[in-house]
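Engineer: Return atomic coordinates for the entry below.
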Amino acid sequence: MEGNRRYAKLRRRPTGKGGIEGGLSQTTSASSLPWRANGPSRSWRRTHKASVMLQLDVGTCLEAGSDPVAWIRANPGRIRSIHCKDWSPASSKGYTVLFGEGTADWKGIFAAAESVGGIEYYLVEQEGSRFSEFDTARKCLQTFRQQHPA
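Structural biologist: As a prediction, the model looks like this:
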């Protein structure tokens, strides 16, 4: 319990110039924090906004029933990187859909990330595929470039 209190205190403290920033990358099950469909977790709300950033995993966010665009807009400046991983509610598909084949609103996600999110990096990620690894990477990158022209 004491260790949890010290961690909670630390994560609410802003970093100084040149300091290390804390972050959260949520890539586990749909019931995990902070992707609750009913809003951000208590832990996430209590972190210091200037010092704790989020690596948004779009697929996990969608699987949990949350809206990635709403998450980005609700956390301005904190979404520094995004896992561009799609998701489908079809039980036979889930995370195996390629980038652009699932339910993600990529145009909305990119617009929100670049206008208010604080985005620095997009990471195209894929979990399983009906194609070889090379073809999967090629197809995902091709669709990413179509959805997000440089």
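Engineer: Any stretches of the protein with poor pLDDT?
Structural biologist: Counting by pLDDT under 70, the ranges of the chain that qualify are 1-51.
Engineer: now do 80
Structural biologist: Applying pLDDT under 80 to the chain flags the ranges 1-53, 150.
Engineer: Kindly tell me how buried the residue lying closest to residue 79 once chain neighbours are set aside is, as a neighbour count.
Structural biologist: Of all residues not flanking residue 79 in the chain, residue 117 sits nearest, at 3.8 Å (Cβ to Cβ, 6 or more residues apart in numbering). Yep, even glycine has a C-beta here, placed from its N, CA and C like the rest. Neighbours of residue 117 under the rule other Cβ atoms under 10 Å: 26.
Engineer: what's the distance between residue 117 and residue 110?
Structural biologist: According to Cβ to Cβ, to the nearest Å, residue 117 and residue 110 sit 9 Å apart.
Engineer: Which helix or strand contains residue 72?
Structural biologist: Using DSSP states H and E, residue 72 maps to helix 68-74.
Engineer: same for the following helix or strand past that helix, what does it pack against?
Structural biologist: Toward the C-terminus, helix 68-74 is succeeded by strand 79-84 as the next helix or strand (DSSP H and E). On a contact count with 3 or more Cβ pairs under 8 Å, 6 or more residues apart in numbering; DSSP states H and E, strand 79-84 meets strand 52-57, helix 58-63, strand 121-124.
Engineer: Residue 140: what's it in contact with?
Structural biologist: Contacts for residue 140 (Cβ atoms under 8 Å, 6 or more residues apart in numbering) come out as 98-100, 124, 126.
Engineer: Please disregard the earlier target; I meant residue 78.
Structural biologist: Residue 78 touches 49, 52-54, 117-118, counting by Cβ under 8 Å, 6+ apart.
Engineer: Phi first, then psi, for it.
Structural biologist: The phi/psi pair for residue 78 (degrees, to the nearest 10) reads phi -100, psi -10.
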